[in-house]
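[1] Predicted structure and sequence below. I'll ask about it afterward.
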Amino acid sequence: MFRFLIRRILLAVLTLFAISVVAFGLFFAVPADPATTMCARGCDQVTKDQIHARLHLDDPIYVQYFDYMKGIFVGREYGAGDWKRDCPAPCLGFSFRTDEPVMDIVKRSLPITVSIAIGAWIFELLIGVTAGVFAALRRGTVFDKLAISLSLVGAAMPVFFFAAILLYVFVFGTGILPFPEYVPISKNPLAWAGAFILPWLSLALINAANHSRLGRAQMLETLSEDFIRTARAKGLRKSKVSLRHALRAAINPIVTMAGLSLGGLLGGAVITESVFGMQGLGMQTVTAARELNMPLVMATVLIATVFIVVANIVVDVAYAALDPRVRLS
Amino acid sequence: MSGTMEPMVTETAGPGVAVMAEIPEAEARKFVGLSPGKLAWRRLKRDKVAFWSFVTVVVMFVVAYGAPLISLLYGKDYTTMNSDLLDAYGRPLGYLNGVSGEHWLGIQIGTGRDVFMQMIYGMRTSMTISFVSAVGAIFFGVVVGIIAGYFGGWIDAIISWFIDFMLSFPFLIFAMAAVPIFANVVVGEAKEVPGWINASFLIMVFLIFGWTGTARLVRGQVIGLREREFVEAARASGAGPMHIIFRQLLPNVWAPILVSFSMAVPAFIAAEAALSFLGIGVLEPTPDLGRLVGQAVATMQLDGMWMYLLVTGGAVFLLVLAFNLFGDALRDALDPKSSR
């Protein structure tokens, strides 16, 4: 177990490193001169040279990459001479547009994305897995058919359309809810939940489709296995057979999908953010990419990658913890 | 799935062979001499969902690619800006979003262009992008999957790691970042980005990220088939790797490839719509469905504009739903274990 974990983490670090190199190469080496981006009205060569010196843009690209990585782990200093700025430990550089430290922007927008992702994830698992398991246990009934049809609809429904429908029905059409406005959870948990209820529902109801499809299929498969018949023949109660025996054996693929789903949500709740006008990490990326604001783009890509890679490790470990048949080595 | 496939080793082995398998005995006796392809076709024809989703897909194709013809009959095109039908704030006059006998689905807010025309031309854009991407991604995936599965060893190890690596990329965020940046690099800063450039960047991004699923699938299938007797027999009679791959292995993985193609198309349609919705995919003046929904969402709080949202969003939904359902039905029909 321990050795597996170490190897898995090393592989993840290697993946992260490779992705950071690719992203850095693409975003910093290829595009147009940031100095031109920074002075929108055009500035003379002297100013451009100053910008270059401050951001160390004239260094070779591998030196720039090394400095960037060093900045994340131990912090770094930008500029030289009388224009000098300190950028402490998790340093992600400065915004090309506003000169604000990228870390501050991340600190501001990450809680929004995390709030959306975690809430939506909990709801989608509750709704999806429950619906899938019950549909399998009551195969062929009205409930089963309803669950199947709804999951087909959910799988085809674009998030932006569904979120917009919810927004229209609950906010613009009937006025049941006010337009969502972000409130930190530390300030007012109730207002926080109120602001996120629509984003949660729009993501959860759609993603639940995948979980319920998978949950149903997995449950049907295990329910037809011999050990279930044995358990029934022993005279165990039906609820015990279906939950203790069947669900436990069926849970692994469900956990896999749940983990990947959380990673995806943290990295890509951007459409929901856009519909509800929330300045989360995803929306920051959209704006930054349009404005060619590379440090911010680079930071969001890295953060999203970390989420996905960590989610993958957690899934692998959960595999072993949940399924006695799996031996990690 | 691969375990039940009964390969027939003949020189004429066609795609149909892939589904030659455990046909229930009664059925096998009833349809003696029926090729597996015909069997699948029979199952498909009997499936009502398959029939109706196929009809929908065909209708959408005809509408999308017959858009210029429809435009001629309908008497409107997708570029004319009917500014006389807008009020001073650029909002459509009249009922809902300007729905009338002239403009069946209303006109666009701001520009006054006909929504119906924008929609069907937009459908053409997204279907073209998705189809080209799906063909390319599946082709690439099949090639990589076969190489990894057939040669095994260190080649397989490297390819498998690379697939894992690709799957760790945050696809949406990365696509969002890459498309505008590269469009800018190619076109330069001051100028407008022509529509086809963004479209080809979208296709490129879909190609780069879209092949991994197929590659994994094909790799697994090929590993299952590689050691089977018919491959060994071919090898023993002196067949080279090319013959084994194309004549022996490929016909047997044809069915899952077809299914993953039919699943890739709606996935790309949805992804393309999502990127365009965010204003990153296909840009003006090329018409696009996702961008129409984006405009509809931005203006939906205005009176009567729900119609615009419903029509454009509903079109994306229907498109994806029809392709999804047809893909499901195709998979069921091609599945040798299927009893239907």
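    Noted; the coordinates are in hand.

[2] In contact with the residue lying closest to B:Asp156 once chain neighbours are set aside, which residues are there?
    Of all residues not flanking B:Asp156 in the chain, B:Ala148 sits nearest, at 4.6 Å (CB to CB, 6 or more residues apart in numbering or on different chains). Placement of C-beta: from N, CA and C, glycine included. Contact partners of B:Ala148, counting by CB atoms under 8 Å, 6 or more residues apart in numbering or on different chains, are B:Ile155, B:Asp156, B:Ile159, B:Ser160, B:Ala215, B:Arg219, B:Val222.

[3] how close does the second one get to chain A?
    Shown here: B:Asp156 relative to chain A, a distance of 16 Å by CB to the nearest CB, to the nearest Å.

[4] pretty sure that residue contacts B:Arg219?
    Yes. Using CB atoms under 8 Å, B:Asp156 is in contact with B:Arg219, at 7.4 Å.

[5] More neighbours: which of those two?
    B:Arg219 (25 against 17; other CB atoms under 10 Å in any protein chain shown).

[6] host element of the more buried one?
    Assessed by DSSP states H and E, B:Arg219 sits inside helix B:212-226.

[7] Against chain A - does that helix have any residue that ends up touching it?
    No. Helix B:212-226 is not in contact with chain A by CB under 8 Å from any CB of the partner chain; minimum separation 12.7 Å.

[8] list the helices and strands the next helix or strand after that helix packs on?
    Counting by DSSP H and E, the next helix or strand C-terminal to helix B:212-226 is helix B:229-236. The criterion is 3 or more CB pairs under 8 Å, 6 or more residues apart in numbering or on different chains; DSSP states H and E, and there are no helices or strands that helix B:229-236 contacts.

[9] quick one: buried residues of helix B:229-236?
    For helix B:229-236, the neighbour count (16 or more other CB atoms under 10 Å in any protein chain shown) marks B:Phe230, B:Val231, B:Ala234 as buried.

[10] Same question for stretch A:250-263.
    In stretch A:250-263, counting by 16+ other CB under 10 Å, buried: A:250-252, A:254-263.

[11] And the residues you listed, which is closest to A:Lys70?
    Proximity of the buried residues of stretch A:250-263 to A:Lys70 (CB to CB) peaks at A:Gly263, which lies at 27.0 Å.

[12] Identify the spatial nearest neighbour of the closest one, chain neighbours not counted.
    A:Ala311 (3.2 Å).

[13] Run a quick neighbour tally on A:Val106.
    The burial count for A:Val106: 20, using other CB under 10 Å.

[14] Contact partners for it?
    Residues in contact with A:Val106 (CB under 8 Å, 6+ apart) are A:Leu92, A:Leu281, A:Gln284, A:Ala299, A:Thr300, A:Ile303.

[15] SS state for the first one?
    This points to A:Leu92. coil (DSSP: H, G, I helix; E, B strand; the rest coil).

[16] same check, this time on the last one
    Using three-state DSSP, the secondary structure recorded for A:Ile303 is helix.

[17] A:Val114 versus that one, what's the distance?
    A:Ile303 is 10 Å from A:Val114, where distance means CB to CB, to the nearest Å.

[18] Over to B:Leu330?
    In terms of CB to CB, B:Leu330 sits 39 Å off from A:Val114.

[19] swap in A:Val102?
    17 Å.

[20] Looking at these two now, which is surrounded by more residues?
    Taking neighbours as other CB under 10 Å, A:Val102 and A:Val114 compare with A:Val102 leading, 25 against 17.

[21] Am I right that the more buried one is in contact with A:Cys87?
    No. Checked against CB under 8 Å, the pair A:Val102 and A:Cys87 is beyond contact range at 9.2 Å.

[22] So which bits of stretch B:218-231 are buried?
    Buried residues in stretch B:218-231 (16+ other CB under 10 Å): B:Val218, B:Arg219, B:Gly220, B:Gln221, B:Val222, B:Ile223, B:Gly224, B:Leu225, B:Arg226, B:Arg228, B:Phe230, B:Val231.
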